[in-house]
Structure formats: C-alpha cells, structure tokens
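Student: I'd like to go over a predicted model; first the sequence, then the structure.
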Amino acid sequence: MSSDDELRVAASMWRLRGVLVLGCLAAAALPVRTQDLNDYNQFDNPVVLPLLTQLLYSKVSNLTTSLGYEINNRSSFCIRNPTRDLNNAFNFSSNLDFLSNCIKQTQGDIGQRLCSVAELKFYFSYLFQASASSNYLKPNQNCNLSTWISGCEPGWACSIGAGQQVDLENAADIPPRIDNCQACCPGFFCPFGLTCMIPCPLGAYCPLSTLNVTTGICEPYTYQLPQGRPNHTCGGANIWADVGRSKEMFCSSGSHCPTTTDEIACDSGHFCRLGSSSQQSCYKLVSCNANSVNQNIQFYGILLIAALTTFLLIIYNCSDQLLAIRSRRLAKTRETAARKAHETAKARQRWKAAKDAAKRHANGFQSQLSERFSRKIDLNDPERVQMMSLDSSGSSDRSVRPDGKKDSIELMRRMHEIEDEFDSAEASGSQPKKKKEKAQKVKDMDTNTRIFEYAYAQLEKEKALEVKNKNLTFSGVLSKATNPELKKRPLIEVSFKDLTLTLKAKKKHLLRCVTGSLKPGRIAAVMGPSGAGKTSFLSALAGKTVGCSTTGLILINGKQDSIRSYRKITGFVPQDDIVHGNLTVEENLWFSAKCRLPAHMPRADKVLVVERVINSLGLQSVRDSLVGTVEKRGISGGQRKRVNVGLEMVMEPSLLILDEPTSGLDSASSQLLLRALRHESLEGVTICMVVHQPSYSLYMMFDDLILLAKGGLIVYHGSAKKAEDYFAGLGIIVPERVNPPDHFIDVLEGIVKPSTSSSVSYKDLPVLWMIHNGYMIPPDMRDDAKAFLSSGEGVIGMNTYLSPGTEDQSFVGEIWQDVRTHVQMHQDKIRLNLFSSKDLSNRKTPNVFQQYRHFVGRVGKQRLRDARIQAVDYIILLLAGACLGALAKGGDESFGATGYTYTIIAVSLLCQIAALRSFSQEKLQYWRESASGISSLAYFLAKDTIDHFNTVIKPVVYLSMFYGFTNPRSTFADNYVVLLCLVYCVTGIAYALAIFFEAGAAQLWSVLLPVILTLIATRSNSSGISKIIANFTYPKWALQAFVIANVERYDGVWLITRCGALQTRGFDVNNWGTGICILIFTDECQMAAINSTSEFR
C-alpha cells in the first residue's frame, strides 16, 4: 500500500472517529470486524509493518472513539467540545512508532489485547465513582477471587487466544482474556484487575517499568511485584486517573512527551508544564533556562503597572488641568463682565447726577425769570410807574431783552426731552413687545462673555432699584409681585387651622391647635423654647412628618392640596449644613440650579439667578473654594451655612422654609442672610424660618412672628412689631435694654415671671391667645379658659381633640406597640415617596436624561478630586495581588481553585469597602436632593457610570501582579473578563449595603458577606439546604467561571483530572456564560432594588 493510500485510510478513519464522537455511534452499534493482524506474519518486514500499523491504528481509533463516547456520555459536564478534546488526547497520527513496537512485541497479537467497549465502561464506571480511592477494580469475569492470573496484575495484559475474534465494539459482555499474559506495551496502560490494554493519552509517559531492588517498586510507577510469582516482571503503566492517583503517568515537569513513549527535556527559551505533549515558547524579554517548568512573566506585570500608572496620571492630570483652565477662563470672563457692568452703572449714576443738577439749575433759573416777569404792575401807583419807566429807559445792563423768556423755555424743553428719552429707555422692557424681543435676545446668547455681561448688567440695575423698594408696604410688595408684567414666580399662601401633630408611639402632642397663615412676600419667624415643636411645625408644613398622626387642615392657596404637589417650587433648608464638601461653592449652587430650575429657562437667566444668589449671600470671595469636609478644611462655618441656604434660593422657590438658618452665625452674617431673604420676599416669596435668639436689629427685619409654647401650643401669631403691644396688654412688659424675643422665651420657659400686677402665668398664654382670637379650645383646657371668662358659653365650643393619655401596658404590649410604630413609620415613608401627589407647580424641570448628564459631570469632578484615595485603593489591590499570587503558586492539581478563592475574597473585600464611599458619605445629600424632586434614577445611573472606570481599572491592577506570579494556563483576557464581572457584582452589593445600613453596619456586612458566602460556595460535598444556598451565592459562580476558563486549557492526560475536579465541586464546563450573566444580573438586581426602595429610608 502506497503512502498516499495510507494517508487516505488514516484520513477516512479520523473522519469516522469524528462522526462517532459527535454521537452518531451508539454503544450497541452493529459489530464491524476489521482484518485481523494475525493474517500477517511478516512483522519485521519494513514494507508490511506500516500497513499493519495503519490497520492497528484504525482499531485504536475506533477504540478511542468509543472511549471518548464513554467519557462524554458520563462527563458532558466537563467536556464542552468532544471533538477537540478527544483529538487533543488520542490523535496519534503524527507518530505511530509505539504501535509498531507493540506489534513486534506481541507478535501481531495486539488486536486481541485491546480493551473492548464493555471493559472501558467497566473501568470508567469505577473511575468516576466519587468514593473510588483504591487502584484496583471490582471482580469481573477474568479477575476474581477464584481466577487471578498474571494479566490481572498492574501493567500486564492477556490475549483472547489464537483463532478467536473479539468484538471491540461490544458494550455488553467482557470477553475472556486469560491466554499468553505478558507485560503491557509501552504507550499503553493496563489497569489492576483488567487483562486488556488501553492507549495512554497524549501528555502521558508510559514506558516499561524497571524494578527498584531496594524498594521493590516498579519505577516510574508505584506498584509492586506480586508475591509467589517469581517469573512475574515489571510491566507497563497501570492506571490513568486523576493527577493525585496517577501522577507518575503524567509527563514530568520541565519535559515534554511528543509521544507516550518518549520524554524529552525542555530546550532553553521554552517551558514545559506537567503533562505537556509539546514545549511552549517563552515570551520576549523573558529568559527561560533548560528544563523550565514555567516562565517568569512578572516583568510584564511591572510593565503593565507602569503603563497603567502613566495612563492614569495623564487622564487625571489632563482632566484637572482642563477643568482648571476652564475655571480660570470663566473667572476672567466673569470679572471682566462685572467690571464693565460696574463702570457702566457708575457712568449711569454720574449721568443721572449731572442731569439732576442741570434740572435743578434750569428750575432755579426759570423761577427767577418767572418771579421777575410775572409781577403785575400796579397802575394805580404813579410813583412806581414812573420808577419802572425810568428803569426801562435806563442803562442797557439793567434792561431785559424781549427774547429772555423764550431762551429759558427752550432750555427747559430740551431738559425734559432728555429726561423723557432716558425714562423711555428704562421703561422699554415693560412693554410686551419689547419684553418678547428681549427674551429672544437672552435666549440667543451663546457665549460666556455675552451671558456674563447680561447677568451683571441686570444685577447692577437691581441694585439701583433696591433703594426704591426699601419703603414698600405689604400692599405695595403684593401689587409688585402680582403685576403680570413683572411676575416670575407663582404665589403660595399657606393656611393652617387646628393643626395637631401626635406621636403614634407615645400618644404625645408635638403640635396642638395651631392656627394661622403664611402670606406671600412676608418673612415669618418661628420662635419658642426648646421642646415647643418648632421643627415639627416646619416638617408638618413641608409634608415631611413620619411616625406621627396629623389632624387639622393645611390649605395651599385656599385649597386642600398636598404641599408635595408644589415641591418643585418649595425650598426646604435643613438645620444641618448638607452640602457636597468636595465641590466648590459655585459648583454646589450651579448643580441645584441646573436640576431644579425650569428646563426651558435660557442659560443666561440661570447664570443671572446663580450670580444674584452669590452676590446677595456675600459668597463672591469663596465661590471657587471647596466647601470642605470633616477631614479636609474648606470655607468657614458661616459661609457653609449660607451655601446651605443658597442651594434652595437658586431654584427660585415660591415657598421657602428654613430650619434655624442663623444658628452658628454672627450678627453680621445673620443680617447678610436676612437681607438676601428680604430680597426674595420682595418677589412675592413666602418665607418661614425657625430662629433662635435673634438680635434686635435682626428681629425687626421679620414681618410676622409665630411664638410657640412647650407642648406645641401657639402663643402669638401676627405682626412682629405688634407683639410687644399684645403682651403688654397681658401685663408682660419688656424691660428696657432687653431684646423682646429673648424676654418672651424666658417668660415661656418660666425663668422670668410677668409683672406682679398681672395674674397671668406662662401656662395661661396659649389659652389667652385662643380666647383673644375666638378659637375653639380643647376639652382639657376649658377649665383654665373659664377662669378668664365671666361665662364659659359662647366661645368655648366642642372640639374633637382628645387629651393625651397613657395606659399601663405589659412588657409584651410595649414590644408589640414598638413593632407597630416601626411598621407605621415605614408605611408613612412609602406613602410619602411611592404615592406621589399630582404636580401643581406648573414647572417643568429637566428630565431624567438631562439630570443624568448633570450628575455625571458632578460625580466626575468629585472622583478627580478624590484621586489620592483611589490611588491608595489601587496600591492595596496591587499588594494583594502580589501576596496572594505568591501564596497560590503551583495549582495544577486544583486548576488554580485555591488562588481564585483567595482572589474572590480579597477583591470582594477591597472593592466593597471602596465602593461604600460612593453612597455612605453622601447619604444625607442624596435624601435632600431626592426630597426636592431630583431624580433618584439619574443619581444612581451617574454614580454607576463613573464608577465603571474603577470597575475596568481595578481588575487590571490586581491581575498585573496575581497573573504574573501564578501564570495560570488560562489567558489574561479570560481572567480579566471574570474579574471584571466580579468587581461589577460586588460594587452593586456595596451600593445596597451603603443605602440600607448605617456606615458602621455597612462596613461590617461588607467584610462578613464575602467570607461567609465564599465558605458556603467552596464547601465540598454540600447537599440539601447548603447546596441550594450555594447556588444563590455570587462566589460560587465567580469561582466556577475562573476554574472553567482554566480547566479548558488542560487536555490530553489531564482529561480525567479535569472531569474529577469539576465533578467534585459541582461545576459544569457549559456554565461559564451562565456564571458571567449571573454576576452581571446580581448587580443589576441590586441597582433596581436600590432605586426602588432607597427613597423609603
């Protein structure tokens, strides 16, 4: 047979084997008998031997196909591509010398010694048993207690017998093999307890063993010669199993085995791992000596870190420089525009002064002329007539020309024309047509220079008009605010009647029978001693009460609407200064303006609003300064307080509620803040604020005063200037040189008693106020009211309020009451956030996508300013990768599972703790922004988007060291993909922990969860509940993806080890994509849960 025919035969047999591997061959297929080798007897003939070898290889191919089918049938969980894996294990076509040698050794009897499908099934049934730990099989037809021949010993095989045929494809019966037993051929292995031979897979080294006389072991294998059989010699390989039980069969480290009978040392510049069938070239810039087991690629890790560091430095420095340059250019443009506007305003003032001086001079000259020429000549006085005639005929210097009066009239006319022109120029903006043209002009402004010039010109005009607005009465302010040509904000009047707030848990009144109203254009100050319910009163007005039952009425513009329907035009300033410390003053204000002002408002008008607030609050000098945090010093406390107020002022509210905005401020800063609020009130804004111990000058700036006593009862509500008169009528006179609000609070505290001539006690003041206004009095206070009335009828009406009372409860009752209260509080939060009211503010703010863009810009700046903290995170990850990589070296037996377990725990811990900072430090800011109507979805999406940069970089940082030290067989890309999904998953878990728990509890959970879940996922032989729980833990799927990516690089002799390891851990090689999807899906579920429930907290 020619070589071409031999190649065609070989190709045909390989095609047949591929078809059989794919499942077309069944175990019970019809027997196909090949030509027996015993038909030939010229085994040493070099012409005949290749033909015999090809015939034998056809049998071996059929056998290995059946072997592959058996392995695939039992272990589809560990073989994804049977054709590729079996080809890598049993493709001997490159060198068939071991078959030729076996033909010579067995004198052509090799075909009678090959294992049939039934014997293969018997062997692999033992092999895949989880409890199999011995190196011999169960008794069978040929090897049992009654019949134990030499072929049953390890490394030996027998023949069926001369003249008999064996059907290798018979999967049901084990053929009898008891004749002509001898040592197993090199390249084959003969199991202990079977009398047949199985080809060794590629990557194995199966020579004939030699006896070590000292130990009595047949080396390189581990079996011994049987006792009582002196003629028995060492045979071939005896077992192909996992690397733990048959490591001696694997091609040794530092060598490669191109065939199963040859072992060659690795050349210089190459490396050979355990069980290698070929040597692999080392990377460039890496030196590999002869017999190298692995290559040292730590240098590439260092290069990767250097490149990554350079890249990050360029990104951070360039971004920081670009932001700094942009900020400087804007500041320069702003300063130029402000200077130009100021010079223009000064020129206008000089022109007005000159015009006024000219008018005064002209008016004086005209009065002189009128006085001279309007005198009536008394004709009845001859002497006077004579004197006038003498004067008229006198010298020319005392005579008046007839055209003198005409010149003065012309001068006055010209002055009036100039004045009219100037007035018409100022009043041109009030005309509807001019106003539309001006609005279009503002909208078309596209450069920063023009925008700033417009903004500062408007500010200078407003400053000029402030003098005119100082002496406006309330009616004048209201008419100004309701003027259709000047109206900018809708008016909100808040009325409340019999407002009562009661704690559900303790049945304690926080507010009681509070009646009054807040008027547009007026500043109402809420005062009272500690425990009077001032903050509770503001919370009730703002609709932020939780855990309380509210009775009474709150009317908005006379309608019983929810205040949350107007939250887009309602500003609430909390008592604490909740601002972003890593943003500048201007950036804080600008973000609030961009997200809360109308979406259709031109940018020029937004600039005007922000600049107006900055100027009115006196923040010009610190506008580019960071606000600062506890760790990093920023602006002063008073400036921070004003920024806190400015966040609500820039959104141009119609209702502004402030909780102690002047606390911690000196007198000058407080007056500056009150002047800014006064400017807001002039535009018709309704302002209500809690104030503690204001100075007298500050007190006189308030329009209304709401004075509360302990227990939430109102004592006075009305004009602040009339409060002294009211209390004086009750015998409470403010002493000289004593601040009225301080004296009132001292009286309500019981520190100062009213005058001796008055019989009024501080406890009677709420009742007196109700009597004074004719309000209905609660039943428990009627006895006190009767003492001040001659008759209890008429004024005291029936009221539905119940007096507070407590009942003695058992211990179990108290626990039940606490549980009910806790549930009711959460129900209130759900009601406030989930069931949103209809928007009645008529303001369309930016949508989610527009707010998302603003959030991305803000979060990006914050990350750039936290670059040092992120650098520390990278360094810690780098050290963790180096340490764990050094500890996890040599993981071929476990396919790197130990190192990957360490990786999951370490990366989870470090990334979760770092991700906690994203929300833990900004939780208060988020709640404030969410309550104001800013989109929570946009907030979380922006955070997640910016954090994706760290999600992408951190796996590279860790793997640069870990991969360099361990150098697994899986590629860097495979490890990166899995680690990327792991970081993405644990980041989402950290977000959820930061939102749902306090900072300390979130850190504790972030440490415990990775450790506990990883221990559950890696628990061996888990069953029942623990197995179900493990399937829902992310470490199991991450570890499975890591291991699968690695085990697929182990083929040939590693096939059994691979299947055994995956079976032990419960992994499936087909679930790599499933694991990746579960890691991603876990993060998405966390983000969805955060977005849907975070507002309830």
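Tutor: Noted; the coordinates are in hand.
Student: For stretch 1029-1039, which outside residues touch it?
Tutor: Identification of contacts with stretch 1029-1039 by Cβ atoms under 8 Å, 6 or more residues apart in numbering yields 897, 900-901, 904-905, 908, 978, 981-982, 985-986, 989, 1010, 1013-1014, 1016-1019, 1022, 1065, 1071, 1074-1075, 1078-1079, 1082. In short, each C-beta sits where N, CA and C put it, glycine included.
Student: For residue 312, give its distance to residue 870.
Tutor: According to Cβ to Cβ, to the nearest Å, residue 312 stands 9 Å off from residue 870.
Student: Excluding covalently adjacent residues, which one is nearest to residue 721?
Tutor: The shortest distance from residue 721 to any non-neighbouring residue, by Cβ to Cβ, 6 or more residues apart in numbering, is to residue 700 (7.6 Å).
Student: okay, now the one you found: neighbour count?
Tutor: 12 (other Cβ atoms under 10 Å).
Student: what comes up buried for whatever helix or strand residue 98 lives in?
Tutor: For residue 98, the element it lies in under DSSP states H and E is helix 97-106. For helix 97-106, the buried set under the neighbour-count rule, 16 or more other Cβ atoms under 10 Å, comprises 98, 99, 100, 102, 103, 105, 106.
Student: out of the residues you listed, who's nearest residue 581?
Tutor: Using Cβ to Cβ, residue 98 comes nearest to residue 581 of those, at 74.8 Å.
Student: Give me the nearest residue to that closest one, chain neighbours excluded.
Tutor: Counting by Cβ to Cβ, 6+ apart, residue 187 is the residue found nearest to residue 98 once chain neighbours are left out, at 3.3 Å.
Student: and what of residue 667?
Tutor: residue 695 (5.3 Å).
Student: for residue 942, same thing?
Tutor: residue 855 (3.3 Å).
Student: does the one you found count as helix, strand or coil?
Tutor: helix (DSSP: H, G, I helix; E, B strand; the rest coil).
Student: next one: residue 947
Tutor: helix.
Student: got a pLDDT number for it?
Tutor: We have a pLDDT of 88 for residue 947.
Student: ok, how many other residues are close to it?
Tutor: Quick note: residue 947 (other Cβ under 10 Å) scores 22 neighbours.
Student: Show the contacting residues for it.
Tutor: Here residue 947 is in contact with 915, 918, 987 (Cβ under 8 Å, 6+ apart).
Student: Now, the residues you listed that are in helices?
Tutor: Judged by DSSP state H, the subset of the contacts of residue 947 located in helices is 915, 918, 987.
Student: would residue 186 count as being in a helix?
Tutor: No - counting by three-state DSSP, residue 186 falls outside a helix, being coil.
Student: Grab the nearest non-local neighbour of it.
Tutor: residue 261 is the one closest to residue 186 (Cβ to Cβ, 6+ apart), at 4.5 Å.
Student: The one you found contacts residue 101, correct?
Tutor: Yes - with contacts counted by Cβ atoms under 8 Å, residue 261 reaches residue 101, the gap being 7.5 Å.
Student: Overlap of the contact sets of those two?
Tutor: Common neighbours of residue 261 and residue 101 (Cβ under 8 Å, 6+ apart) are 186, 187.
Student: show me the contacts for the closest residue to residue 666 other than its chain neighbours.
Tutor: Nearest residue to residue 666 in three dimensions, chain neighbours excluded: residue 638, at 6.7 Å (Cβ to Cβ, 6+ apart). Contact partners of residue 638, counting by Cβ under 8 Å, 6+ apart, are 664, 665, 666, 669.
Student: A helix includes residue 638, no?
Tutor: Yes - assessed with three-state DSSP, residue 638 lies in a helix.
Student: Next, give phi and psi for residue 1075.
Tutor: phi -60, psi -40 (degrees, to the nearest 10).
Student: Model confidence score at residue 431, please.
Tutor: For residue 431, the pLDDT comes out at 49.
Student: Residue 592 contacts residue 652, doesn't it?
Tutor: No - the criterion here is Cβ under 8 Å, and residue 592 misses it with residue 652 at 10.8 Å.
Student: mind listing the strands for the stretch 501-650 of the chain?
Tutor: Secondary structure of the stretch 501-650 of the chain (DSSP state E, counting those that start in this stretch): strands located at 509-518, 523-527, 548-556, 570-573.
Student: mind checking how far the residue nearest to residue 574 when sequence neighbours are not counted is from residue 645?
Tutor: In this structure, residue 574 finds its nearest non-sequential neighbour in residue 659, 5.7 Å apart by Cβ to Cβ, 6+ apart. Distance of residue 659 to residue 645, computed by Cβ to Cβ: 11 Å.
Student: can you list residues touching both of the two?
Tutor: residue 573.
Student: Is it correct that residue 707 falls within a strand?
Tutor: Yes - assignment of residue 707 by three-state DSSP places it within a strand.
Student: For beta bridges, what are the partners of it?
Tutor: Residues in a beta bridge with residue 707, per DSSP bridges, are residue 527, residue 716.
Student: contacting residues for it?
Tutor: Applying Cβ under 8 Å, 6+ apart, we find residue 707 in contact with 527, 528, 714, 715, 716, 717, 723, 744, 748.
Student: Likewise for residue 153?
Tutor: Contacts of residue 153 (Cβ under 8 Å, 6+ apart): 192, 223, 226, 232, 235.
Student: hmm, which two among the residues you listed are most spread apart?
Tutor: For the contacts of residue 153, the maximum inter-member distance is 13.3 Å, found between 192 and 232 (Cβ to Cβ).
Student: Contacts only, for residue 510.
Tutor: Applying Cβ under 8 Å, 6+ apart, we find residue 510 in contact with 501, 502, 503, 533, 536, 548, 712.
Student: State the number of residues packed around the second one.
Tutor: Right, the one you point to is residue 502. 20.
Student: The chain should start at 251 in everything you say after this.
Tutor: From this message on, residue numbering opens at 251, which makes the last subject residue 752.
Student: was I right about it contacting residue 759?
Tutor: Yes - Residue 752 lies in contact with residue 759 (Cβ under 8 Å); the separation is 5.4 Å.
Student: Distance of the residue lying closest to residue 1218 once chain neighbours are set aside relative to residue 1315?
Tutor: Sequence neighbours aside, residue 1146 is the residue nearest to residue 1218 in space, at 4.9 Å (criterion: Cβ to Cβ, 6+ apart). Distance of residue 1146 to residue 1315, given as Cβ to Cβ: 12 Å.
Student: The two: who's more crowded?
Tutor: residue 1146 (25 against 20).
Student: and the top helix by length along the chain, what does it pack onto?
Tutor: The helix that spans the most residues within the chain, counting by DSSP H, is helix 548-623. The contact analysis (3 or more Cβ pairs under 8 Å, 6 or more residues apart in numbering; DSSP states H and E) places helix 548-623 against helix 654-677, helix 698-719, helix 1098-1115, helix 1117-1137, helix 1186-1216.
Student: any idea how far it is from the chain center?
Tutor: 37 Å (Cα atoms, centre = their mean, to the nearest Å).
Student: what mean pLDDT would you report for it?
Tutor: 79.
Student: what angle do that helix and helix 1098-1115 make?
Tutor: With axes from the mean of the first three to the mean of the last three Cα atoms, to 10 degrees applied, the angle from helix 548-623 to helix 1098-1115 works out at 110 degrees.
Student: Run the angle between helix 548-623 and helix 698-719 for me.
Tutor: If you take the same axes, to 10 degrees, helix 548-623 sits at 40 degrees to helix 698-719.
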